[in-house]
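> Structure here, sequence nowhere to be found:
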């Protein structure tokens, strides 16, 4: 998860009259993890669903509420109709159609503030922005910009000086020769036009989502900022800009709007109007296991930096625009609990005097983990939702019976997996820079269509190193079956899209086929960008235990 550095030298300014020890005490109760503490500061890990925590400004904002230094929604006075505008041409609408912006005046960019803004920019790119595909951010020195701006699309022979360079380069050169061009150029390729933001003097501000121009670079002497967010998703872009607006306001800037002009349509950005979520007070108490009155609930929400009013038995919560994580009454219940203070919650015994015990399945899985750990293997935890490319295309497998999510939010979470082996190979592909040998295993559910839809518990393991072989992985499998299930196995020659022909087998236990074992095919290794041989197995635990009533 992303990490924020909270410098000790800044804490006294951001939250005066509160000791560092008190801040440390409150951080976990704001839903934050402390990764490390030293004389220079505190390293705080935050959940990506709270992008407003991507700077120390956002974290301090929450702490001030929990300590009742400030209550309710932070006030941000927005200077509307500042006279600044961006004209959006029809050329760019098919390439990267969305742009929103703000101006920020009168602040001071200390070195640590610049570091915080850069770190926030990258976290927002990777989170809400989905690695800049949905939204990307450009920060510019406002005093170097001449309005009005034009957001348009140009051919790849257009030249300008990119950030950090001292000479002109064409867009084609930037995409081919610069690090950011190679990394993000794929987001704008596939068209003969490329998005570009220029001012009235033809000064290039940015080639989104790849790189800014050098003429508007931000430094410690910058006092006024222009922030533009471009993307393919309007909501994501608005979310990103709202978080930046609140952060810059906390940093001492005055925030002003920018008018986006597209044809006859004009909009003022940033969009900072709060949303209302109505929750029944009884529901909130039920979720939390508490018995709070409406006034107590409102007080708790104000400590969580949210405004709220009571209307009969209902609580109307006004959610500020930068709180992108709140979308349902259950989220409101969580904020009430945080405002109440997790440290104030008292554990109670359940009304029924019953004792629990581990299920047979849990006992088997614990034994599997212990056995594979004894073979030097590390457990991997993959997602049940994965991409069609990872699950099928990398292995030239048919996806005819794939269980697909209706209206997926991203290609990375498109289908339910029917095998664990692709997840293990994907994990290995993300760790090619680590030392070999690498040995991973995973225990998880797989999902199968084609007629009746059913799910099963599977166990998969993979070894990756220069000498990985069928013999090695087979010995691990035999040890696992013997130690955890008291079973012997037979290996019957069989073909599989995962494995090399002639170096794979079907796993048979008690005359039932329960899985497959073998060496991963070279084409699959190449598709996953793996540079060493990999051997793997996967067994269907449900087939081994279901008949004995050990799996529900």
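Structure's in. What do you need? Predicted model only: the values in this text are computed from it and were never measured.
> Nearest spatial neighbour of residue 326, chain-adjacent residues omitted?
Spatial nearest neighbour of residue 326, chain neighbours left out: residue 319 (4.7 Å); criterion: Cβ to Cβ, 6 or more residues apart in numbering. Heads up, the C-betas are built off the backbone N, CA and C, glycines and all.
> wait, what's in contact with that neighbour?
By Cβ atoms under 8 Å, 6 or more residues apart in numbering, the residues touching residue 319 are 274-277, 306, 326.
> And the pLDDT at it?
pLDDT recorded at residue 319 is 96.
> Same check on the one 5 residues further on?
The pLDDT attached to residue 324 in the predicted structure is 95.
> Excluding covalently adjacent residues, which one is nearest to it?
Using Cβ to Cβ, 6+ apart, the closest residue to residue 324 is residue 239 (4.7 Å).
> What count of nearby residues applies to the one you found?
25 (other Cβ atoms under 10 Å).
> Check what pLDDT it gets.
Residue 239 carries a pLDDT value of 96.
> Please apply the same query to residue 82.
74.
> try residue 108
So residue 108 comes in at 87 (pLDDT).
> Please look at it and residue 223 and confirm they touch.
Yes: assessed by Cβ atoms under 8 Å, residue 108 is found in contact with residue 223 at 7.2 Å.
> residues in contact with the host helix or strand of residue 21?
Assigned by DSSP states H and E, residue 21 belongs to helix 20-26. With contacts defined as Cβ under 8 Å, 6+ apart, helix 20-26 is touched by 6, 8, 11, 15, 34, 37, 42, 63, 66-67.
> and if we set it to 10 Å?
Contacts to helix 20-26, defined as Cβ atoms under 10 Å, 6 or more residues apart in numbering, come from residues 6, 8, 11-12, 14-15, 18-19, 30, 32, 34, 37, 41-42, 44, 59-60, 62-64, 66-67, 341, 343.
> tell me, what's touching residue 108 and residue 223 both at once?
When contacts are counted by Cβ under 10 Å, 6+ apart, residue 108 and residue 223 are jointly contacted by residue 253.
> what's the weakest-modelled helix or strand in this protein?
Every helix and strand of the chain was ranked by mean pLDDT, DSSP states H and E. The lowest is helix 541-545, at a mean of 80.
> Return the residues in contact with the residue nearest to the spatial centre of the chain.
The residue lying closest to the centre of the chain (Cα atoms, centre = their mean) is residue 127, at 4.2 Å. The contact partners of residue 127, by Cβ under 10 Å, 6+ apart, come to 2, 48-51, 54, 134-135, 236, 239-240, 243, 324.
> Sort out for me which of the residues you listed are in helices.
Of the positions in these, 236, 239-240, 243 sit in helices, assigned by DSSP state H.
> In JSON lines: those residues, plus distance to residue 466.
Shown next, in JSON lines, are the ones in helices among the contacts of residue 127 (distance: Cβ to Cβ, whole Å):
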{"residue": "236", "distance to residue 466": "43"}
{"residue": "239", "distance to residue 466": "46"}
{"residue": "240", "distance to residue 466": "44"}
{"residue": "243", "distance to residue 466": "46"}
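> Quick check: buried residues in stretch 448-464?
Buried residues in stretch 448-464, counted by 16 or more other Cβ atoms under 10 Å: 448, 456-464.
> Compute the first-to-last residue distance for stretch 489-496.
18 Å (Cα to Cα, to the nearest Å).
> ok, and what's touching that stretch?
Stretch 489-496 is contacted from outside by 395, 397, 421, 470, 474, 477-478, 480-482, 501-511, 513-518, 520-521, 538-539, using Cβ under 10 Å, 6+ apart.
> What are the buried residues along it?
Using 16+ other Cβ under 10 Å as the test for burial, stretch 489-496 gives 489, 491, 494, 496.
> Let me know the average pLDDT across that stretch.
What stretch 489-496 shows for mean pLDDT is 88.
> ranking the ones in helices among the contacts of residue 127 by neighbours, who comes first?
So for the ones in helices among the contacts of residue 127 (other Cβ under 10 Å), the most neighbours sit at residue 240, 30 neighbours.
> Please name the residues that touch it.
51, 100, 120-121, 124-125, 127-129, 134-137, 227, 229, 231, 233, 270, 322, 324.
> swap the cut-off to 8 Å and go again
Listed by Cβ under 8 Å, 6+ apart, the contact set of residue 240 reads 124, 128-129, 135, 137, 229, 231.
> Closest one of the residues you listed to residue 352?
Closest to residue 352 out of the contacts of residue 240 is residue 128 (43.8 Å), distances taken as Cβ to Cβ.
> And the contacts of stretch 65-82?
The contact list for stretch 65-82, computed with Cβ under 8 Å, 6+ apart, reads 15, 18, 22, 26, 29-30, 61, 64, 103, 245-246, 249-250, 254-259, 268, 270, 272, 274, 302-307, 318, 320, 338-339, 341.
> taking those residues one by one, which sit in helices?
Those of the contacts of stretch 65-82 mapping onto helices are 22, 26, 61, 64, 245-246, 249-250, 302-303, 338-339, per DSSP H.
> Which PyMOL command selects the buried ones in the residues you listed?
Buried residues among the ones in helices among the contacts of stretch 65-82 (16+ other Cβ under 10 Å), as a PyMOL selection:
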select buried, resi 26+61+64+245+246+249+250+302+303+338+339
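> and which of the ones in helices among the contacts of stretch 65-82 is nearest to residue 382?
Within those, proximity to residue 382 (Cβ to Cβ) peaks at residue 338, which comes in at 30.4 Å.
> What sits closest to the closest one if chain neighbours are left out?
Excluding the flanking residues, the one nearest residue 338 by Cβ to Cβ, 6+ apart is residue 304, at 5.3 Å.
> From residue 61, how far out is the one you found?
As defined by Cβ to Cβ, to the nearest Å, residue 304 lies at a distance of 11 Å from residue 61.
> mind showing which ranges of the protein have poor pLDDT?
Confidence mapping of the chain against pLDDT under 70 gives the ranges 546-552.
> Where does the record place the domain boundaries for it?
Per the record, the chain has its domains at 3-66, 78-269, 275-342, 360-548, by automatic domain parsing.
> Excluding chain neighbours, what is closest to residue 215?
Among residues not flanking residue 215 along the chain, residue 203 sits closest, at 5.0 Å (Cβ to Cβ, 6+ apart).
> can you pull out the strands in the stretch 201-350 of the chain?
For the stretch 201-350 of the chain, the strands defined by DSSP state E, counting those that start in this stretch cover 204-207, 211-212, 225-231, 254-262, 265-269, 275-280, 307-311, 314-319.
> Going along the chain, name the helices of the stretch 51-200 of the chain.
All helices of the stretch 51-200 of the chain, identified by DSSP state H, counting those that start in this stretch, fall at 56-66, 111-126, 171-177, 179-184.
> How many residues are close by the residue nearest to residue 215?
A total of 18 residues lie near residue 203 under the criterion other Cβ under 10 Å.
> residues touching it, list them.
Residues counted as contacts of residue 203 (Cβ under 8 Å, 6+ apart) are 144-146, 213, 215-216.
> Name only those of those residues that count as buried.
Applying 16+ other Cβ under 10 Å to the contacts of residue 203, the neighbour count classes 144-145, 213, 215-216 as buried.
> what sits up against the least confident helix or strand of the chain?
For helix 541-545, the external contacting residues (Cβ under 8 Å, 6+ apart) are 360-361, 364, 443, 456-459, 485, 487, 509-510, 512-514, 551.
> Stretch 50-58 too?
With contacts defined as Cβ under 8 Å, 6+ apart, stretch 50-58 is touched by 2, 4-7, 10-11, 14, 31-32, 44, 46-47, 59, 61-62, 116-117, 119-120, 123-124, 127-128, 239, 243, 246-247, 250-251, 322-325.
> what about that stretch, start to end distance?
Across stretch 50-58, the terminal residues are separated by 10 Å (Cα to Cα).
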